[in-house]
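[1] Prediction below, plus the sequence it came from.
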Amino acid sequence: MKNGKLELAQRLLGKGFSSLSNNEKKVIERIQNHLHISRNINKEYDETLTFGERIADKVATFGGSWTFIIIFALILLCWIALNSFILIQKNEAFDPYPYILLNLFLSMLAAIQAPVIMMSQNRQAAKDRLDAANDYEVNLKAELEISQIHEHIDEINDNKLIKLIELQNQQIRMLTSIIEQLNK
């Protein structure tokens, strides 16, 4: 089994098996065992996420949506309208202009939302690296399989050519024999 890997690595990649990267070794082993290499990276990655990571991804998804921007703008407008126009007339505004309490809430929201979004982006970058590695393995295996198919086709064509030459030689002998009989 090991000799098969060594021979495949040398024949397909022109390198010894031990000098291959882990991805290339995996591809050679999959080719040798006639196994598929493609897999659903998204599903595999999503299965490893913790509860907190899932929540962070949902917060980041919502925080980067138009729904969030529109709701947030409406809340800000309501806050300003309530404290600047409605409650100020009754002298009961709990956060009059310059809206210090609103600024505190906005700062706290930004302080919490920014790291959550960063965590989500870091996970997405890790997922992208897994996708790229899987794409490389799939593409390498496809390239090697195509190379093997070309070798087989070339071998078949060589065999057909040899048979064709043999048939042609046989026909030449038969024609030579017929010509000799006619000349007698």
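    All right, it came through fine.

[2] what is the mean pLDDT for the strand or helix carrying Leu106?
    Element membership for Leu106, per DSSP states H and E: helix 100-183. Averaging pLDDT along helix 100-183 yields 93.

[3] what about Lys15, which SS state?
    coil (DSSP: H, G, I helix; E, B strand; the rest coil).

[4] That one contacts Leu6, correct?
    No - checked against CB atoms under 8 Å, the pair Lys15 and Leu6 is beyond contact range at 10.2 Å. All C-beta spots, glycine's among them, are computed from the backbone N, C-alpha and C.

[5] excluding its backbone neighbours, what's nearest the residue nearest the centre of the chain?
    Central residue of the chain (CA atoms, centre = their mean): Asp131, 2.8 Å from the mean position. In this structure, Asp131 finds its nearest non-sequential neighbour in Ile41, 5.2 Å apart by CB to CB, 6 or more residues apart in numbering.

[6] Model confidence for the one you found, exactly?
    Confidence at Ile41, expressed as pLDDT, is 85.

[7] Leu35 now?
    For Leu35, pLDDT reads 80.

[8] Helix, strand or coil: sort out it for me.
    Relying on three-state DSSP, one would call Leu35 coil.

[9] heads up, I number from 883, so please use that
    All set: I'll call the first residue 883, so the last point we hit is now Leu917.

[10] can you give me phi and psi for it?
    Main-chain dihedrals, Leu917, degrees, to the nearest 10: phi -110, psi 150.

[11] ditto for Thr930
    Torsion angles, degrees, to the nearest 10, at Thr930: phi -90, psi -10.

[12] what helices or strands is the strand or helix carrying Tyr927 leaning on?
    Assigned by DSSP H and E, Tyr927 falls within helix 923-929. Contacting helix 923-929 under the criterion 3 or more CB pairs under 8 Å, 6 or more residues apart in numbering; DSSP states H and E are the following elements: helix 982-1065.

[13] so what secondary structure elements neighbour the helix it packs on?
    helix 904-914, helix 923-929, helix 933-945, helix 948-963.

[14] Repeat the analysis, applying 7 Å as the threshold.
    If you count contacts as 3 or more CB pairs under 7 Å, 6 or more residues apart in numbering; DSSP states H and E, helix 982-1065 packs onto helix 904-914, helix 923-929, helix 933-945.

[15] Contacts for the first one next, please.
    Think helix 904-914. 886-887, 890-891, 895, 899, 902, 919, 1015, 1018-1019, 1022-1023, 1026-1027 (CB atoms under 7 Å, 6 or more residues apart in numbering).

[16] Among those, name the buried ones.
    Burial by neighbour count, 16 or more other CB atoms under 10 Å: within the contacts of helix 904-914 this picks out 887, 890-891, 895, 899, 902, 919, 1019, 1022-1023, 1026.
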